[in-house]
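[1] Could you look at this predicted model? Sequence included:
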Amino acid sequence: MIQPGNSMRKSKILSVEQNLVRGFLHVPRIASGDGLVLTHGAGSNCQAPLLVALGNTFFESGITVLRCNLPFRQKRPHGPPPRGSAELDQQGLREAVSYMRTKRPVSHPFGCSRYYQSRVMPFQ
């Protein structure tokens, strides 16, 4: 098991920009095979202190974490999401999980979004 604090020196955080996926990937040196996609609430972004802290905590435990901005936030840096953006945002979440499966050695990806009533979504 990775000890908290030690993994920060042995892990890295990468910037990700691919299609609808924009954010930061926390890559533990010793990965568990589990992955987590974290997104923000309607008034925030992937740099929110809570998401950064959660990302760090999970990847210190060996979980690969992708903190990403939903598509509405990529188009509009501030303010509420525009009406009708939910479908594109959900597609962005699906692409984020797909990214975790194809670009990272993650066999069990999960998604979590504050914007969608804190739903945790296992993806098959």
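    Everything's here; your move.
[2] How far off centre is the longest helix along the chain?
    Selection of the longest helix in the chain by residue count, based on DSSP state H, yields helix 86-103. Helix 86-103 sits 10 Å away from the centroid of its parent chain (CA atoms, centre = their mean, to the nearest Å).
[3] got it, and stretch 90-108?
    When distances are taken as CA atoms, centre = their mean, stretch 90-108 is centred 9 Å away from the chain's centroid.
[4] Which stretches in this protein count as helices?
    6-10, 49-60, 71-75, 86-103.
[5] May I ask you to confirm that residue 26 is in contact with residue 53?
    No: counting by CB atoms under 8 Å, residue 26 does not reach residue 53; the two are 11.4 Å apart. In this view, the C-beta of every residue, glycine as well, is placed from N, C-alpha and C.
[6] who's more crowded, these two?
    Between residue 26 and residue 53, counted using other CB atoms under 10 Å, the more crowded position is residue 26 (26 against 10).
[7] excluding its backbone neighbours, what's nearest the more buried one?
    Distances taken as CB to CB, 6 or more residues apart in numbering place residue 59 nearest to residue 26, at 3.7 Å, with adjacent residues excluded.
[8] before we move on, the earlier item: pick the most buried one from the helices of the chain.
    A comparison of those by mean neighbour count, using mean count of other CB atoms under 10 Å, puts helix 71-75 on top with a mean of 20.
[9] before we move on, back to that, residue 20 is nearest to which of the helices of the chain?
    Of all those, helix 86-103 sits nearest to residue 20, with 4.0 Å by CB to CB.
[10] other SSEs contacting that closest one?
    When contacts are defined as 3 or more CB pairs under 8 Å, 6 or more residues apart in numbering; DSSP states H and E, helix 86-103 packs onto strand 12-18, strand 21-27, strand 34-39, strand 64-69, helix 71-75, strand 108-113.
[11] Thanks a lot, catch you later.
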